[in-house]
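**Student:** coords please:
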Amino acid sequence: MSPVRRLFVLLSSYEDITLRESAALRRGDVDQAIILINRKRRISEEMDRARGNAELSEDEIDALNQRVRDLESREKHNLAFLREEMARVRATLATLQMAVRKTRNVRRGYAGTFGAAINSAEGVLGRA
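**Tutor:** From the prediction side, this is the model:
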């Protein structure tokens, strides 16, 4: 396979993985997204080596640059989506932390109110 052909095959693989990554993120499958990101990193390194070996025509450079810009745009959308998801998770976490604090307060109230009543009832019952 020629270096130019290899470069474009790797680019196609990178594009495919980026689409699959977008789908995984929107499904909430973070583990799969991490696997895909790691694959993209390896492909990117291979693309850098292939690019160094490829003698591209002006048309090939233009096509490559356009596809890279499209990928950058998709990855920016993925990043924006992740930021929105992180904000949503932080808000949910804050709500859950508030619920935990309120539940602890209620539990303390039970322990304080009923604990004293139970202890005094046991004392009374124990004397009987």
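
**Student:** what comes up buried for the helix or strand containing N38?
**Tutor:** Secondary structure from DSSP states H and E places N38 in helix 30-53. Residues of helix 30-53 classed as buried: A33, L36, K40, I43, E46, M47, A50, R51 (neighbour count, 16 or more other Cβ atoms under 10 Å). Every residue, glycine included, has its C-beta placed from N, CA and C.

**Student:** what's the distance between the fourth one and T95?
**Tutor:** In other words, I43. Remark: distance between I43 and T95 (Cβ to Cβ, to the nearest Å) = 40 Å.

**Student:** repeat for the first one
**Tutor:** Note on A33: its distance to T95, by Cβ to Cβ, is 25 Å.

**Student:** Which strands and helices lie in contact with the helix holding N38?
**Tutor:** Under the contact definition 3 or more Cβ pairs under 8 Å, 6 or more residues apart in numbering; DSSP states H and E, helix 30-53 sits against helix 3-27.
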